[in-house]
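Visitor: A structural model of the following input is requested.
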Amino acid sequence: MTLQEIFQRIIRAHLLLICTCALLPVLLVAGLARGQSAPWTGSVRIQVNSSAPASTTEADALSSRVLALATTPTLVAKALDQANIKANPSDIAQHHVTATRLGESPVVDVSVTLPSRTAAGALARTLVEQVVAFMNKGSRPALDDRISALDKQITQADEERTSLINEANSANRRILRILQIRIQSVENNLTQLQAERSTLLDTKLGTDEAVVIDGDNPGVVRAGSTLVPRAALGLVLGLLMGLAIAVLVETISPRVAGVRALARTLSAPVLGRTDESPADVAASVRLAARRQGIKTVVVMAVEEKEAPAATTLLASLPAPVRRENRPPARSAIAPLRNGQRPQQSTDPFQTVEVNFSSLAALPASAERTAGVLVVSTGTCRVRDLDHLRDRLTALRWPVVGIIELTRSTLRHSAERSRQSEDEASSGPAVPLDDLVQTESSDTSDAAGKHGPR
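Guide: Residues are numbered from 1 along each chain as shown. Below is the predicted model of the structure:
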């Protein structure tokens, strides 16, 4: 199957379905956004470190840390309580909080989006305060506890050393040697503890603290409308859904992939289109019918919805023009033999008239020399084509050709057919005998106009 056939069967044949599926989500998004006002976004900036990050990776790590803390439901719940706002902390943390780094600087912009301007600014300020407090005090308690423990150990070691020194002052020579060894061990331990305490103090003093830059005056602006991206997403999803439904429908009820595929299936040529001149179409069909020895061409549609267009085409085709036979040449007149003239041969220049008819108006005398002219858009369903082929097999009529039915002609014929039905239903009541007599006269007129002469 070629790309053109795929386009004909899936996209062109189900274009209305695909467009409907694509427009429904867009209209739904537009309807929902119409009754909603644009939200407000409050933003506060944080300086995480005093020094600039050494690389983009380090800058991303800083912003990721701030985002992870700002979207923690516990911190969000504390910020909501501090700002006196009633909301779901998990929903706010998941959908309404963002953190963006500013280039490769240590500054991170924390934003909160809410329907109220006051609430957006207040929550942004309190949330940033919670994040900064956690960043500055998150690792400090453990460090302070370790320093306090070292101070206790240093005090105990110092007291032990003082006690040993006092004992050594009053001890004899043998015991003094042992006390000196113990005093040396305590002093070594005390030196190690003091060095560790100094290292922890340097770490504590060297640790940068996060600083709120504009917490007193948070920036609050109206957020941009999300109608366009949501409508675009809905359009894409609708197109995908429409294509999926079209493929499913085409799988369940397949169609013929265009008029050329129909011509290959019926082994017949395409002789014209309905938007061409009726005289040109009739001339082409008559030439093809004469080549096959057909005198009456029966116009048939593949699908039921194409029947009004086929009837319109049949009515627009001009009747054949009667031509006089050329007189035989003098040399062709045979002499008398035994007092009788031999029978003259048929004139080779004689033209056979080809008439057009519908299947219902076809007389029985024309059935032996009848052929079929198929009228179709080319995208008919395979089951309807099978019904037509079964009918052609039963009738044993050759297919003269195919007339491609354009969509505009199909639409106009359907409209005229509905108007005729409406006029017929709204017209005055006609007696049954008069109706039967009128239908009989119409059938006789059609048979006389299109039947063989």
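
Visitor: residue boundaries of the strands in the stretch 151-300 of the chain?
Guide: For the stretch 151-300 of the chain, strands defined by DSSP state E, counting those that start in this stretch occupy the ranges 211-212, 219-222, 270-273, 296-301.

Visitor: want to throw those strands into a markdown table with mean neighbour count?
Guide: For every residue, glycine as well, the C-beta is placed using N, CA and C. Output for the strands of the stretch 151-300 of the chain, formatted as a markdown table (neighbours: other C-beta atoms under 10 Å):
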| stretch | mean neighbour count |
| --- | --- |
| strand 211-212 | 18 |
| strand 219-222 | 14 |
| strand 270-273 | 18 |
| strand 296-301 | 23 |
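
Visitor: And these: which comes nearest L16?
Guide: strand 296-301 (20.8 Å; C-beta to C-beta).

Visitor: quick one: contacts of the closest one?
Guide: When contacts are defined by C-beta atoms under 8 Å, 6 or more residues apart in numbering, strand 296-301 is touched by residues 285-286, 289, 307, 309-310, 313-314, 354-359, 362, 366, 369-376, 388, 391, 397, 400, 405, 450-452.

Visitor: and with 7 Å instead?
Guide: 285, 289, 307, 310, 313-314, 354-359, 362, 366, 369-376, 400, 452 (C-beta atoms under 7 Å, 6 or more residues apart in numbering).

Visitor: right, and the helix or strand after that strand?
Guide: Next along the chain after strand 296-301, taking DSSP states H and E as the criterion, comes helix 307-316.

Visitor: what helix or strand does E5 sit in?
Guide: Going by DSSP H and E, E5 is in helix 3-6.

Visitor: Tell me where the model's unsure across this structure.
Guide: Low-confidence segments of the chain (pLDDT under 70): 1, 35, 138-142, 203-208, 224-225, 321-352, 422, 424-453.

Visitor: Pick out the residue nearest the middle of it.
Guide: L239 (2.7 Å; C-alpha atoms, centre = their mean).

Visitor: To what extent is the closest residue to that residue other than its chain neighbours buried, counted in neighbours?
Guide: Nearest non-adjacent residue to L239, counting by C-beta to C-beta, 6 or more residues apart in numbering: A22, 4.7 Å away. The number of residues packed around A22, counting by other C-beta atoms under 10 Å, is 19.

Visitor: ok, so what distance separates A22 from A231?
Guide: 11 Å (C-beta to C-beta, to the nearest Å).

Visitor: now A261
Guide: 37 Å.

Visitor: the more surrounded of the two?
Guide: Taking other C-beta under 10 Å, A261 and A231 do not tie; A261 has more neighbours (20 against 17).

Visitor: On the three-state scheme, V132 is what?
Guide: helix (DSSP: H, G, I helix; E, B strand; the rest coil).

Visitor: Between the strands of the stretch 151-300 of the chain, which one is closest to V186.
Guide: Nearest to V186 among the strands of the stretch 151-300 of the chain is strand 211-212 (43.9 Å), distances taken as C-beta to C-beta.

Visitor: what ranges do the helices span in the stretch 151-300 of the chain?
Guide: 173-206, 227-252, 259-266, 278-291 (DSSP state H, counting those that start in this stretch).

Visitor: Just send those helices back as JSON lines, with distance to L27 too.
Guide: Shown next, in JSON lines, are the helices of the stretch 151-300 of the chain (distance: least, C-beta to C-beta, whole Å):
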{"stretch": "helix 173-206", "distance to L27": "60"}
{"stretch": "helix 227-252", "distance to L27": "9"}
{"stretch": "helix 259-266", "distance to L27": "35"}
{"stretch": "helix 278-291", "distance to L27": "43"}
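
Visitor: Of all these, which one comes closest to L127?
Guide: Using C-beta to C-beta, the helices of the stretch 151-300 of the chain put helix 227-252 closest to L127, at 25.6 Å.

Visitor: Give the buried residues for that closest one.
Guide: Within helix 227-252, the residues scored as buried using 16 or more other C-beta atoms under 10 Å are L227, R230, A231, G234, G238, L239, G242, L243, A246, E250.

Visitor: Leaving out chain neighbours, which residue sits closest to the fourth one?
Guide: The reference is to G234. G234's closest residue in space is P25 (C-beta to C-beta, 6+ apart), at 3.1 Å.

Visitor: Quick one: residues contacting A310.
Guide: Per C-beta under 7 Å, 6+ apart, neighbours of A310: V299, M300, A301, V375.

Visitor: If we use 10 Å, what do you get?
Guide: 274, 299-303, 358-359, 373-376, 403, 405, 413 (C-beta atoms under 10 Å, 6 or more residues apart in numbering).

Visitor: Just the buried ones from those residues?
Guide: The buried subset of the contacts of A310 (16+ other C-beta under 10 Å) comprises 274, 299-303, 358, 373-376, 403, 405, 413.

Visitor: Pull out the CA atoms of stretch 172-188 and give them to me as PDB.
Guide: Output of stretch 172-188 as PDB, limited to C-alpha atoms (Å, rounded to 0.1, in the frame of the first residue of the first chain):
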ATOM      1  CA  ASN A 172      58.400   8.400  95.500                       C
ATOM      2  CA  ARG A 173      60.800   7.600  92.700                       C
ATOM      3  CA  ARG A 174      59.200   4.300  91.600                       C
ATOM      4  CA  ILE A 175      55.600   5.600  91.500                       C
ATOM      5  CA  LEU A 176      56.700   8.900  90.000                       C
ATOM      6  CA  ARG A 177      57.900   7.100  86.800                       C
ATOM      7  CA  ILE A 178      54.500   5.500  86.400                       C
ATOM      8  CA  LEU A 179      52.600   8.700  87.000                       C
ATOM      9  CA  GLN A 180      54.800  10.500  84.400                       C
ATOM     10  CA  ILE A 181      53.800   7.900  81.800                       C
ATOM     11  CA  ARG A 182      50.100   8.400  82.600                       C
ATOM     12  CA  ILE A 183      50.400  12.200  82.500                       C
ATOM     13  CA  GLN A 184      52.000  12.000  79.100                       C
ATOM     14  CA  SER A 185      49.200   9.800  77.800                       C
ATOM     15  CA  VAL A 186      46.600  12.200  79.100                       C
ATOM     16  CA  GLU A 187      48.300  15.200  77.600                       C
ATOM     17  CA  ASN A 188      48.400  13.400  74.200                       C
END
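
Visitor: Which residues does it contact?
Guide: Counting by C-beta under 10 Å, 6+ apart, residues outside stretch 172-188 touching it are 156-171.

Visitor: Only the buried residues of that stretch, if you could.
Guide: L179, I183, V186.

Visitor: Tabulate those residues (a markdown table), appending distance to P320.
Guide: Listed next are those as a markdown table, based on distance: C-beta to C-beta, whole Å:
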| residue | distance to P320 |
| --- | --- |
| L179 | 142 |
| I183 | 137 |
| V186 | 132 |
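
Visitor: Sweet, I'm off.
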